[in-house]
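Peer 1: Build me a structure from this.
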Amino acid sequence: MTAIEIAFKYGKKPGPAELRALDAVREVYGIRKLWFSDAENVVRLEYDRSRLNDDTVASLLRQAGIDIQEKLVLA
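Peer 2: This is a model prediction of the structure:
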């Protein structure tokens, strides 16, 4: 297993419906952690790189209704 952390800037803050939909994202095999920074409008995920890739993770967030704007570079 290769744990990777990725972060995305989002526009509109997620509401109750989007937060409920994120429960399904958390259940996807390979997603390890998911957390928000409301102050920065950033969602971060830790996932298993051997199971998923960046595009798949972004797609899962969009399907949950998260307004993904851009992928951030983590240093």
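
Peer 1: Please report how far Thr2 lies from Lys12.
Peer 2: Distance of Thr2 to Lys12, computed by Cβ to Cβ, to the nearest Å: 32 Å. No exception for glycine: its C-beta is placed from N, CA and C like everyone else's.

Peer 1: Let me fix that, I meant to ask about Arg20.
Peer 2: From Arg20 across to Lys12, the span is 16 Å (Cβ to Cβ).

Peer 1: quick one: the nearest residue to Leu22 once chain neighbours are set aside from Ala24, how far?
Peer 2: What sits nearest to Leu22 in space, not counting adjacent residues and going by Cβ to Cβ, 6 or more residues apart in numbering, is Ala64, at 5.1 Å. Plainly put, Ala64 is 7 Å away from Ala24 if you go by Cβ to Cβ.

Peer 1: Those two: which is more packed in?
Peer 2: More crowded of Ala64 and Ala24, by other Cβ atoms under 10 Å: Ala64, with 21 against 12.

Peer 1: picking up where we left off before, compare Thr2 and Lys12 and say which is more crowded by neighbours.
Peer 2: It is Lys12, of Thr2 and Lys12, that has more neighbours when counted by other Cβ under 10 Å, with 11 against 8.

Peer 1: so what's Lys71 bridging to?
Peer 2: Phe8 (DSSP bridges).

Peer 1: Can you find the helix or strand of this protein with the lowest average pLDDT?
Peer 2: Least confident helix or strand, the chain: helix 16-26 with a mean of 92, by mean pLDDT, DSSP states H and E.

Peer 1: per-residue pLDDT, the residue nearest to Leu22?
Peer 2: For Ala64, the pLDDT comes out at 95.

Peer 1: Would you mind measuring from it to Tyr10?
Peer 2: 11 Å.
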